[in-house]
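J.: Take this sequence and fold it.
(one chain, ligands or ions: 1)
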Amino acid sequence: MNPLLAKLQPYPFERLRALFAGVTPSNAHRPISLGIGEPRHPTPAFIQSSMMESLAGLSVYPATGGEPRLREACAGWLQRRYGLTLDAATQVLPVNGSREALFAFAQTVIDSTRDAVVVCPNPFYQIYEGAALLAGATPWYAPSDPARNFAVDWDRVPPEVWARTQLVFVCSPGNPTGAVMPLDEWKKIFALSDRYGFTIASDECYSEIYFRDEPPLGGLEASARLGRTDFKRLVAFTSLSKRSNVPGLRSGFVAGDASILKQFLLYRTYHGSAMSPVVQAASIAAWNDEAHVVDNRAMYRQKFAQVTPLLSQVLDVRLPDASFYLWAGVQGSDESFARDLLAQYNVTVLPGSYLARESQGHNPGAGRIRMALVADTAECLEAAHRIVQFVQSRKSTP
Ligand SMILES: Cc1ncc(COP(=O)(O)O)c(C=O)c1O
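T.: Numbers count the residues shown, from 1 in each chain. A predicted model of the protein is given here:
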């Protein structure tokens, strides 16, 4: 067996199951889960039908690089969304969802014969850590700073760590914080990349669910604005899962530095990660339509506008820049909060400490919970009312 497998940490939902073992959820309330970040708005009918119309594609082996039409649809979306012109043949590559791509990317860019470090935000999407460990690298966790809208504090990474860093994961909009990385932070990261030579993987799968007027700044957009039009050492990861409510489709794309994508394509050819032609057809339809994305965003906006003020009466929480999460501060332990809430009100939330690692003596997720507002507004409101009652009843219990 690969000994690196033993380094993998239990997934947050495994830890949640262990935490909830032996808890009897209140049977006075029907269960509501704000735990899993899985989109639950309906999949648009036109995406389903474009899949059905493309079933003939099942009879051929797809190319790993995808059909030119798909790559052009992805490049077209980048043009409309960010005003960027990329070469669809060399700077865009379809992937089977961003999760597999984030993992595979680390396997492609890490040279484990040198003492490699991968810098991850903290808290973070767990795949970054597993990808780093299985690539033979050591993760280094850069804390997000609650005092600066949960911006990652890159200054906390010591120069000797940067000197060994081969890959940095950026997550903007962030999971779980919802924070969007501003241009100044990008400037800093690009300068560090120029100095130390690391690659930047910019995970942007929540880019279309936002609450401010201005859409979130993308990594490629930031790069171009700063005159880096070749996207040197930068690859952005984009997904249809949240944008188009198709987590089961497994479709996204990566875009950026052509020389890195060439190697990534080579890796993927051996790994066997070509996208089904049926999925490619549905993806083309999805990337070419924006109306459903506008409607989807409106649903999240309306939901967050109703739920956030309720919860902010009792929790340290406010509207994030983007994403479908609320990242809330609670009194006391996040684990006891989650366990007692399930027992008394049958609502599942994820303890924040499960989404972060202790680093430099501190777990930046401790004392926080993540709530995924993926169910419909009525269900999320019902959960919020129960959480308000729960916190108020806790306060009144000595
Ligand atoms: C931050 C982040 N990146 C990537 C993913 C993977 O999404 P997908 O593989 O569906 O594109 C998720 C899924 O929850 C996520 O939260």
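J.: So, low pLDDT: which residues of this structure?
T.: For the chain, the stretches with pLDDT under 70 are 397-398.
J.: Which helix runs longest in it?
T.: In terms of residue count, the longest helix belonging to the chain (DSSP state H) is helix 291-312.
J.: Identify each buried residue in it, please.
T.: Neighbour counts over helix 291-312 (16 or more other Cβ atoms under 10 Å) mark 292-293, 296-297, 300, 303-304, 307-308, 310-311 as buried. Just so you know, the C-beta spots here come from the backbone N, C-alpha and C atoms, and that holds for glycine as well.
J.: likewise stretch 391-398?
T.: Here stretch 391-398 shows 391, 394 as buried, counting by 16+ other Cβ under 10 Å.
J.: What are the buried residues along the helix or strand harbouring Ala191?
T.: Using DSSP states H and E, the element containing Ala191 is helix 183-196. Going by neighbour count (16+ other Cβ under 10 Å), the buried part of helix 183-196 is 185-186, 189-190, 192-193.
J.: Check the offset of it from the chain's centre.
T.: In this view, helix 183-196 has its centroid 21 Å away from the chain centroid, taken as Cα atoms, centre = their mean, to the nearest Å.
J.: Over to stretch 361-374?
T.: 15 Å.
J.: could we number from 27 for the rest of this?
T.: Sure, I'll start counting at 27 from here, so that last one is stretch 387-400.
J.: Can I get that stretch as PDB, trimmed to CA atoms?
T.: Listed next in PDB are the C-alpha coordinates belonging to stretch 387-400 (Å, rounded to 0.1, in the frame of the first residue of the first chain):
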ATOM      1  CA  GLY A 387      -1.200  26.600  18.400                       C
ATOM      2  CA  HIS A 388      -4.600  27.700  17.000                       C
ATOM      3  CA  ASN A 389      -7.500  26.200  15.100                       C
ATOM      4  CA  PRO A 390      -9.100  29.100  13.200                       C
ATOM      5  CA  GLY A 391     -12.400  27.100  12.800                       C
ATOM      6  CA  ALA A 392     -12.800  26.600  16.500                       C
ATOM      7  CA  GLY A 393     -15.800  28.400  18.000                       C
ATOM      8  CA  ARG A 394     -17.400  28.700  14.500                       C
ATOM      9  CA  ILE A 395     -20.000  26.700  12.600                       C
ATOM     10  CA  ARG A 396     -20.700  26.400   8.900                       C
ATOM     11  CA  MET A 397     -24.200  26.500   7.600                       C
ATOM     12  CA  ALA A 398     -24.900  25.600   4.000                       C
ATOM     13  CA  LEU A 399     -28.100  27.400   2.900                       C
ATOM     14  CA  VAL A 400     -28.800  24.900   0.000                       C
END
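J.: Can you get me a residue count around Gly253?
T.: For Gly253, the count of nearby residues is 8 (other Cβ atoms under 10 Å).
J.: Return the backbone torsion pair for it.
T.: With angles defined as degrees, to the nearest 10, Gly253 sits at phi 80, psi 10.
J.: mind listing what the closest residue to Ile153 other than its chain neighbours touches?
T.: With sequence-adjacent residues excluded and distances taken as Cβ to Cβ, 6 or more residues apart in numbering, Ile153 is closest to Leu128, at 5.2 Å. Leu128 makes contacts with 151, 153-154, 157, 195, 227, 229, 263, as judged by Cβ atoms under 8 Å, 6 or more residues apart in numbering.
J.: and which of those residues is nearest the ligand?
T.: Tyr151 (3.7 Å; Cβ to the nearest ligand atom).
J.: ok, how many other residues are close to the closest one?
T.: There are 20 residues near Tyr151, going by other Cβ under 10 Å.
J.: ok, and the closest non-adjacent residue to it?
T.: Per Cβ to Cβ, 6+ apart, closest to Tyr151 is Asn201, 5.1 Å.
J.: these two touch, right, the one you found and Ser349?
T.: Yes - shown here, Asn201 and Ser349 form a contact pair, counting by Cβ atoms under 8 Å, at 6.2 Å.
J.: Which neighbours do those two have in common?
T.: Between them, Asn201 and Ser349 share these contacting residues under Cβ under 8 Å, 6+ apart: Tyr232.
J.: if you count what's nearby, which of the two comes out ahead?
T.: Ranked by neighbour count (other Cβ under 10 Å), Asn201 and Ser349 place Ser349 first, with 30 against 25.
J.: What are the boundaries of the strands in the stretch 127-276 of the chain?
T.: Taking DSSP state E, counting those that start in this stretch, the strands of the stretch 127-276 of the chain run over residues 143-148, 164-171, 177-178, 191-197, 225-229, 260-265.
J.: what's the closest of these to the ligand?
T.: Evaluated with Cβ to the nearest ligand atom, those place strand 260-265 nearest to the ligand, the distance being 3.1 Å.
J.: CA atoms only for that closest one, dumped as CSV, please.
T.: Backbone C-alpha positions of strand 260-265 (Å, rounded to 0.1, in the frame of the first residue of the first chain) are rendered in CSV as follows:
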residue,chain,number,x,y,z
LEU,A,260,-1.6,30.5,-12.5
VAL,A,261,-4.4,28.0,-13.2
ALA,A,262,-8.0,28.8,-12.3
PHE,A,263,-10.6,26.0,-11.5
THR,A,264,-14.2,26.6,-12.4
SER,A,265,-17.2,24.3,-12.1
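J.: Which positions in the stretch 177-326 of the chain make contact with the ligand?
T.: Within the stretch 177-326 of the chain, the residues that sit near the ligand (Cβ under 6 Å from any ligand atom) are 197, 201, 229, 231, 265, 267, 273, 278.
J.: Quick check: the farthest pair among those residues?
T.: The largest separation in those, counting by Cβ to Cβ, is between Cys197 and Pro273 at 17.4 Å.
J.: When the two are compared, which one has more neighbours?
T.: Cys197 (27 against 19).
J.: Can you give me every residue that contacts the more buried one?
T.: Contacts for Cys197 (Cβ under 8 Å, 6+ apart) come out as 147, 150-151, 154, 229.
J.: go on, Arg420?
T.: 357, 366 are the contacts of Arg420 under Cβ under 8 Å, 6+ apart.
J.: mind checking the SS state of it?
T.: Secondary structure, DSSP: H, G, I helix; E, B strand; the rest coil: Arg420 is helix.
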